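**Q** A predicted structure for the sequence below; I have some questions about it.
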Amino acid sequence: MSKKINLKIDGIPVAVDEGTTILKAAKQLNIHIPTLCYHDDLCIAGNCRVCVVEMKGSRTLPASCAMPVSEGMEVMTNTLKVRTARKHIIDLLLSEHNAKCTTCYKNGKCELQELAAENKISTASFIDLVPHKNYQMDAYSPSIIKDDSKCIRCQRCVRTCEELQHVSALGVAYKGDKMKISTFFENPMFEVVCTNCGQCVNRCPTGALVERNYLEEVWAAIYDPDKHVVVQTAPAVRVALGEDLNLEPGVIVTGKMVTALKRLGFDSVLDTDFTADLTIMEEGFELLTRLKKALVDKDPSVKLPMATSCSPGWIKFIEHTYPEYLGNLSTCKSPQQMFGALAKTYYAQKRKLDPSKVVSISIMPCTAKKFEADRPEMRSSGYKDVDYVLTTRELAIMIKQAGLEFASLPESHYDSIMGESTGAAVIFGATGGVMEAALRTAYEVVTGREVPFNGLNITPVRGMEGVREVTIKIEGTVPEWKFLEGAELKTVIAHGLTNAKKVMDSVRDGKSNYHFIEIMACPGGCIGGGGQPIPTNAEIRKKRTEAIFAEDSGMKIRKSHENPEVIAIYKEFLEKPLGHKSHELLHTHYKERARH
Amino acid sequence: MSYSNLKRVDLIFDKECNPKEIIKNTWAKSNDQIINELLESGLKGRGGAGFPTALKWKYTAEQPEPDKYIICNADEGEPGTFKDREILFKVPQKVFGGMAVGAKVIGAKEGFIYLRGEYRFLLPELEAQLESFHEILKDLKIDFRIKIIMGSGAYICGEESALFESMEGHRGEPRNKPPYPTIAGFRSKPTVINNVETLVYAFMICMHGARKFKDLGTADSRGSKVFSISGDTPKAGIYELELGMTVEQFVEEFGDGDTKAVQVGGASGFCVPRKKFKETIIGFEGVPTGGSMMLFNSSRSMFNVLHNYLEFFEEESCGQCTPCRVGCQQLILGIEAVKKGERHASYLEHLQKLAQTMKITAKCGLGQSVANSFFSIVENFKEEMIY
Ligand SMILES: Cc1cc2nc3c(=O)[nH]c(=O)nc-3n(C[C@H](O)[C@H](O)[C@H](O)COP(=O)(O)O)c2cc1C
Ligand code: SF4
Ligand code: SF4
Ligand code: SF4
Ligand code: SF4
Ligand code: FES
């Protein structure tokens, strides 16, 4: 038990653990102190100074987010001095700020705007500094738009990119009045090591970092009578979308979402989960094949450990940072891109559509998927396989634009074909999910029996620790996989690129002997993706994860290889996992990128 | 040179000093004895904040952590200060000596001198001097080494926590305090950071005992201090003077007969107008100074002086915190607007309130001290601000 510290905030006594900040102590008393640079997921910066409070005996007003409590401390959060200072600070921020809220993408979802509204900052009391600035807009990335004129320099993005992602694509440049958030040599974000993960976007309090939105493009496609618009929805969207539509975190909205998409006018509402199942088939067999080549054929060219490839932020990270390990990546495309390739081939054929008239849209928890869809490798159908990628947030905007009262929508089912899925596919949305889904299938292929875990729940791979190692012993193999009898399959799961780096470093330094690595670029996996509703924090991510596993256990079919549409597509079209057609449509290759 | 009413002191630059001897004698004493001697002397930090040196050493000594550091702050960036350069140039062995004693007291094996980037020309000689100093330590079997680290030209890197960041290879941005350096400084280990001059005085107190130092100065400002004197004066230069004089006494000695104001403590210090010369003591009880003394005669526009300082802060602010980064820009544009008649003179009061907010909410001493020159110039030279 840690030591308790007694203090008074606004005259109210409170006892908190040693090391607690004034901000958190006040929260225990339900006293709200406004903040801007503070974020639950990040280290303390203490730079915006919005959270200052009065502290008895102190000449200065300490920042409550950064000041630890001490015995006998007396804090006042609501004095004239505090109010004057706070107002000054908000005023100052606004004087540097291109405050055109009505045309700002974050209008109504902006922490600065909220603060200004709360403090009734009406007329600007200081000189407008914007005309004195040479603010830049970086709108070159397919994923992220950075508008310096909306930046309050809180450095949440910088801390995110450094602490959570170990990328440091964004940093602070210059000092004094010229201080700004920038990139290596001030290059546009798409030309630097940025992975497009969008974690910075998730934490930016203002409109300075936002996703590139494709709302108008998608509406145009919907309204075009000539076009057949198919939409796919990623597993993690259904457990988070509600948050942007007045529902609590952790509410599963799959059925309502499908209804909403139909009402928006999409011609066919399909599920990325279908190709998640397909990914498991392809990736599972890829792993088993690599193991066989390594163990039986003693083929020295086989690359192990094999790493998952469904997180495009992770892919770009490894392309920049560990290019010598590109051969270790599974060649499987992400479910989004498998879906895209099939939408304009298999699906178009089955539905007797001209693929040039098919527009393929995806709803993703992710901003990196926008970049991925633009990759030149992603045109195996002969067209751009996925035309536009929308984030969960953008879908919520469309639903509001269409005037739908989301909470009261009835539920409906995905269309067919490519709308059927399993519990294994849903859990792709959470860290460890791909591993669990792959194990459910691979173990059964190799042994003819289900994985020996209660109710198929491979609990050791679940959880929120950044890096989790799990070893599965394979026993009772069927003759074809006899060589795996008694083998211990060593796996590791990491989420957030800082953790990915730990895993890769240990691989590089020969400190581990994994067979299979699952990596998701975002904290918590896709449920914490860069395109998910804002705010995000550990508690919200936990609720979304619980919802994902609840969705899984509620599914009739929970193993990818039992998905009837997957069985059908192999029969009618792909023939077999890793077959010729699969290679053409479902697999890809990677490229080395500069380290800076 | 005659010093009619000021007492000239010669502790710092006095060459009659055998570092080896002093170190040997000091090592014969217990750490408590050394701390008590320093406490007795009343020595306060010469880098600006004036924290009692004995206590800084004591708190750091009390930390159980095995790795500790002592750092000499030679970033000397305050406008109008050039005394640390002179000390390092003339008596580097005394600086090293002070660091060695500090290291003994706190239990550090490594020390660093953070040298202002512009002082690179001192480096070859300093390295040579350091080598001979390390020989002394070797002879005496003292396990302590000093390394010189070059700064890269930002004023803010003189602020202790920004200095640690810079030394660790990061951007020079001040940290949140607490924790203070005595608990978590360089590499998050307990660290003593002292100004060049402070370290020399500490060493001199070890040599002469507390008495000699304590007998100089006033109750609040013990001892003497090295002043960097510049501006409208026929006697620009470096002088070691007893503390406790009034600005009037100072001006009598250093003025050109037409002094209208003295800026005590550089851009981050206070401007004393002629009418307050008599009552203002130079020291911790009046206007404290890190050593910079700038004299202005009646040919100078105090608007320009203030504008200059504000431009300095606007540029040298690290830019991380709102009150300092944006506040500086507003103060500059604000006084310009008043001067040009674009804003009413009462806007100055609005700006003073802003300066007050900066003083109490800025994250570090830089932003907090902008108000010093702003208030003291705007209040005392209001007409010059408006007309
Ligand atoms: C903006 C800023 C710049 C500073 N620059 C210096 C400097 O150049 N040299 C210095 O000794 N102290 C400087 N200081 C003070 C240091 O932070 C620190 O207090 C000092 O080095 C402690 O030494 P002392 O106790 O010997 O005075 C600066 C402080 C601030 C806020
Ligand atoms: S970032 Fe916020 S305050 Fe700024 S214009 Fe956009 S909505 Fe308004
Ligand atoms: S871009 Fe956003 S998160 Fe980054 S410093 Fe600016 S306002 Fe903060
Ligand atoms: S998108 Fe991700 S990698 Fe790119 S700057 Fe933001 S946090 Fe860093
Ligand atoms: S007060 Fe100025 S120099 Fe200090 S931390 Fe804030 S912006 Fe940086
Ligand atoms: S929230 Fe505390 S300083 Fe920004």
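**A** Alright, I've got the coordinates. Ligands and ions are numbered 1, 2, ... in the order given.
**Q** Check whether stretch B:319-334 comes into contact with ligand 3.
**A** No. Stretch B:319-334 is not in contact with ligand 3 by Cβ under 6 Å from any ligand atom; minimum separation 10.1 Å. C-beta here means a position set from N, CA and C on the backbone, and glycine is covered the same way.
**Q** Show me chain A divided up by domain.
**A** Domain assignment of chain A by automatic domain parsing yields the ranges A:4-78, A:123-209, A:215-274+A:336-408, A:279-332+A:426-586.
**Q** Is A:Gly327 in contact with A:Lys303, as I believe?
**A** Yes. Shown here, A:Gly327 and A:Lys303 form a contact pair, counting by Cβ atoms under 8 Å, at 4.2 Å.
**Q** Let me know the distance separating A:Phe185 from B:Cys318.
**A** Between A:Phe185 and B:Cys318 the computed distance is 21 Å (Cβ to Cβ, to the nearest Å).
**Q** in chain A, which residue is closest to the centre?
**A** A:Gly529 (1.1 Å; Cα atoms, centre = their mean).
**Q** That one - nearest residue in space that isn't next to it in sequence?
**A** Spatial nearest neighbour of A:Gly529, excluding adjacent residues (Cβ to Cβ, 6 or more residues apart in numbering or on different chains): A:Pro365 at 3.4 Å.
**Q** Contact partners for the one you found?
**A** Taking Cβ atoms under 8 Å, 6 or more residues apart in numbering or on different chains, we find A:Pro365 in contact with A:234, A:236-237, A:240, A:391-392, A:429, A:522, A:526-527, A:529-532.
**Q** Throw those into JSON lines and include pLDDT, thanks.
**A** Below are the contacts of A:Pro365 laid out as JSON lines (pLDDT from 0 to 100):
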{"residue": "A:Ala234", "pLDDT": "98"}
{"residue": "A:Ala236", "pLDDT": "98"}
{"residue": "A:Val237", "pLDDT": "98"}
{"residue": "A:Ala240", "pLDDT": "98"}
{"residue": "A:Thr391", "pLDDT": "98"}
{"residue": "A:Thr392", "pLDDT": "98"}
{"residue": "A:Gly429", "pLDDT": "96"}
{"residue": "A:Cys522", "pLDDT": "98"}
{"residue": "A:Cys526", "pLDDT": "98"}
{"residue": "A:Ile527", "pLDDT": "98"}
{"residue": "A:Gly529", "pLDDT": "98"}
{"residue": "A:Gly530", "pLDDT": "98"}
{"residue": "A:Gly531", "pLDDT": "98"}
{"residue": "A:Gln532", "pLDDT": "98"}
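**Q** Just give me the closest of these to ligand 1.
**A** The nearest member of those to ligand 1, counting by Cβ to the nearest ligand atom, is A:Gly530 at 37.2 Å.
**Q** any idea which residue sits dead centre in chain B?
**A** For chain B, the residue nearest the mean C-alpha position is B:Gly47 (2.3 Å; Cα atoms, centre = their mean).
**Q** Tell me which of the domains of chain A lies nearest to B:Glu342.
**A** Closest of these to B:Glu342 is domain A:123-209, at 9.1 Å (criterion: Cβ to Cβ).
**Q** Centre of the chain to that closest one, how far?
**A** Taking Cα atoms, centre = their mean, to the nearest Å, one finds the center of domain A:123-209 at 19 Å from the center of the full chain.
**Q** Could you list the residues of the stretch 151-300 of chain A in contact with chain B?
**A** A:Ile152, A:Arg153, A:Gln155, A:Gly171, A:Val172, A:Tyr174, A:Lys175, A:Gly176, A:Asp177, A:Lys178, A:Met179 (Cβ under 8 Å from any Cβ of the partner chain).
**Q** Which member of these is positioned nearest A:Pro68?
**A** Distance to A:Pro68, by Cβ to Cβ, is smallest for A:Gln155 among these, at 20.7 Å.
**Q** number of nearby residues for the closest one?
**A** As a burial measure, A:Gln155 scores 23 neighbours (other Cβ atoms under 10 Å in any protein chain shown).
**Q** Could you check how far it is from A:Ala173?
**A** Per Cβ to Cβ, A:Gln155 is found 12 Å from A:Ala173.
**Q** Find residues that contact each of those two.
**A** Residues touching both A:Gln155 and A:Ala173 (Cβ under 8 Å, 6+ apart) are A:Ile181.
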